[in-house]
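Enquirer: Give me the fold of what follows.
(one chain, ligands or ions: 1)
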Amino acid sequence: MESLVILISGRGSNMQSLLEARAQIDRVTVISSNPDAMGLETARNYGVETIVIDHRSYPDRQAFDTALAECIDAYQPKLVALAGFMRILSDRFVQRYQGRLMNIHPSLLPALPGLGTHARALQEGIKIHGCTVHFVTPQLDHGPIVIQAAIPVLPSDTEETLATRVLQQEHLIYPLAVRWFMEDRIIMNENHVEVLDSSICEITLY
Ligand code: GAR
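Expert: Numbering: from 1, shown residues only. Just a heads-up that it's a prediction; the model follows:
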């Protein structure tokens, strides 16, 4: 049985895009670090089991990560997908799930790691912006890249319009990346993404 755990903290639109495309996945569980996350209700509407592990209930990052890992391990997921999960994870946690921990980030990494990517893209006069799905490694937003989608930054763009257009692309590429992994078409090998199915190379070019 192929199982996927999705970690969220808020709105959950990327989670929703994964739930829409979950065809090959037998069991999906959503874990939120925030009891008020909007995505929890969305997940329940899809009939998906939801769990809250409130980071504020734990004295430090290590204690939170330990509780989170215990919860995740009960489901023995093939993949853990971060979908707007806004907690920095400890190296120990990341190493525990090395090669089966993915993230979606709203920039063309390695450009603009961290928060506030759309405002920074505008401030820096970047002409091509986008989003990246990558495997998670201990260095924040630096893991091997699975797929990216690029969009032009228009002279009329504001932070909001840019965020909206990038998010539309996020909803396209994250389900693809997750499906490729769940179907054993890509793996993380050493510090690279190994493509095991040559037919997917063409789809990675946006
Ligand atoms: C998305 O844009 C995602 O890429 C970003 O947060 C948003 C969550 O939206 N993630 C990060 O910035 C991670 N560092 P969502 O809850 O609607 O998916």
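Enquirer: In this protein, which residue sits nearest the ligand?
Expert: residue 84 (2.7 Å; Cβ to the nearest ligand atom). For glycine as for every other residue, the C-beta is placed from the backbone atoms N, C-alpha and C.
Enquirer: for that residue, what are its contacts?
Expert: 8, 9, 10, 11, 12, 13, 14, 15, 39, 104 (Cβ atoms under 8 Å, 6 or more residues apart in numbering).
Enquirer: 10 Å instead, please
Expert: 6-15, 32, 37, 39, 103-104, 106, 170 (Cβ atoms under 10 Å, 6 or more residues apart in numbering).
Enquirer: Point out the ones among those residues that are inside strands.
Expert: Residues of those located in strands (DSSP state E): 6, 7, 8, 32, 103, 104.
Enquirer: Find the nearest non-adjacent residue to the fifth one, please.
Expert: It refers to residue 103. Once flanking residues are discounted, residue 103 sits nearest to residue 82: 4.2 Å by Cβ to Cβ, 6 or more residues apart in numbering.
Enquirer: just to revisit the earlier point, pLDDT wise, what is the residue of the chain closest to the ligand at?
Expert: Note on residue 84: pLDDT of 97.
Enquirer: again, but for the one 4 residues further on
Expert: Predicted confidence (pLDDT) for residue 88: 93.
Enquirer: So it is in contact with residue 140, correct?
Expert: Yes: between residue 88 and residue 140 there is a contact under Cβ atoms under 10 Å: 6.7 Å.
Enquirer: Can you pull the residues that touch both of the two?
Expert: Common neighbours of residue 88 and residue 140 (criterion: Cβ under 10 Å, 6+ apart): residue 94.
Enquirer: Relative to residue 186, how far out is the residue nearest the centre of the chain?
Expert: With distances taken as Cα atoms, centre = their mean, the residue of the chain nearest its centroid is residue 103 (2.8 Å). Plainly put, residue 103 is 15 Å away from residue 186 if you go by Cβ to Cβ, to the nearest Å.
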